[in-house]
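# Take this sequence and fold it.
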Amino acid sequence: MNIEEYWSDIDSRLENLLNDGYVKLPSLRMLNLEHIASNISDEMGSLTFKELGLCHKNFLDELAIEKYLTPKLHKIASEVFSYKGDDSNQYHVARKVEPGNATEMFRAHFDSHLFTMVLPIKIPETSNNGTAGDLIYFPYARKVPGNEITNFVGKAYYKRYASKEGMEKFSSNSSKKVDDFRDYQPLLFVGNTTLHTNYPVSPDCSSYRLTLLAHFFDPSPKYGVGGLLRLIRNR
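Okay, the predicted model is just below:
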């Protein structure tokens with residue numbers, strides 16, 4: 001499959017994105033993911049998060065996201081979500097979680113950006129009783145925030161669910177979806193309405209877990225809650 005073929009049905013997939021709050025994209029298995037993962041991991045070193053490194057950017061360029069996806073998402077953002085900014089308002093970060101990492105789990109949150117895409121690059125194997133950082137998500141768990149105040153209040157309110165017990169409680173009254181990404185299909189969802197978090201990467205996992213997180217179009221002010229959180233993370 002060439003890159004043009006990869007994006008051939010993106011219009012119909014984006015219709016599903018709006019209807020369901022999420023959509024899966026075709027598998028990335030046609031790429032040399034082991035080589036890509038090794039390069040990005042080397043670039044990250046011991047970091048858990050790293051904003052758009054060179055190898056990360058090269059991968060996004062190879063996938064031609066700026067050509068085939070960004071303009072279509074920007075059109076939806078403008079027409080459906082009344083987004084006024086330009087299409088360069090993006091935030092790309094690599095997330096690498098080592099086996100047994102006790103902090104990167106059950107940190108339930110909403111993103112500030114309108115759209116979030118999770119691109120699986122390396123998903124470890126684990127035993128029957130373990131987990132490999134599977135994504136837990138609840139599409140359209142809240143309405144689109146009307147302003148920065150409602151966005152902040154909503155984020156603060158849902159922090160009560162940022163634990164294993166909190167997720168179990170929230171799941172009892174909401175439709176939970178779980179993606180282990182073993183199909184290597186990226187997941188695209190409406191970021192600021194989808195509550196999401198991760199299961200732990202168990203100590204018995206065969207390797208680290210590497211995903212690339214692409215965030216598109218933050219409607220908040222530059223120093224809104226999302227921007228401040230990103231500033232703190234990148235210090």
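
# Where does pLDDT dip in this structure?
Along the chain, segments meeting pLDDT under 70 span 1, 221-235.

# Which parts of this protein are helices?
Shown for the chain, the helices assigned by DSSP state H span residues 3-6, 10-20, 33-44, 54-63, 65-68, 70-80, 148-158, 164-171, 225-233.

# mind putting those in TSV, distance to Glu104 and mean neighbour count included?
All C-beta atoms are positioned from the backbone trio N, CA, C, and that covers glycine. Listed next are those as TSV, based on distance: least, CB to CB, whole Å; neighbours: other CB atoms under 10 Å:
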stretch	distance to Glu104	mean neighbour count
helix 3-6	29	13
helix 10-20	26	14
helix 33-44	14	17
helix 54-63	18	16
helix 65-68	25	15
helix 70-80	27	16
helix 148-158	18	15
helix 164-171	13	15
helix 225-233	13	15
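
# Which among those is found nearest to Glu98?
helix 33-44 (10.4 Å; CB to CB).

# what's the closest one packed up against?
helix 54-63, strand 90-97, strand 115-122, strand 209-216 (3 or more CB pairs under 8 Å, 6 or more residues apart in numbering; DSSP states H and E).

# Taking helix 54-63 as reference, get the angle to that helix.
150 degrees (axes from the mean of the first three to the mean of the last three CA atoms, to 10 degrees).

# re earlier: between the helices and strands packed on helix 33-44, which gets nearest to Ser46?
Of the helices and strands packed on helix 33-44, nearest to Ser46 by CB to CB is strand 90-97, at 9.1 Å.

# any idea of the angle that closest one forms with strand 209-216?
Angle, strand 90-97 to strand 209-216, by the same axes, to 10 degrees: 170 degrees.

# chain center to strand 90-97, what's the gap?
Relative to its chain's centre, strand 90-97 lies at 8 Å (CA atoms, centre = their mean, to the nearest Å).

# what does stretch 204-224 give?
Stretch 204-224 sits 5 Å away from the centroid of its parent chain (CA atoms, centre = their mean).

# Arrange the helices of the chain in JSON lines, one row each, with distance to Tyr91 as further columns.
Shown next, in JSON lines, are the helices of the chain (distance: least, CB to CB, whole Å):
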{"stretch": "helix 3-6", "distance to Tyr91": "23"}
{"stretch": "helix 10-20", "distance to Tyr91": "19"}
{"stretch": "helix 33-44", "distance to Tyr91": "16"}
{"stretch": "helix 54-63", "distance to Tyr91": "12"}
{"stretch": "helix 65-68", "distance to Tyr91": "13"}
{"stretch": "helix 70-80", "distance to Tyr91": "13"}
{"stretch": "helix 148-158", "distance to Tyr91": "16"}
{"stretch": "helix 164-171", "distance to Tyr91": "25"}
{"stretch": "helix 225-233", "distance to Tyr91": "6"}
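
# Endpoint to endpoint, stretch 21-28 covers what distance?
Using CA to CA, to the nearest Å, one end of stretch 21-28 lies 21 Å from the other.
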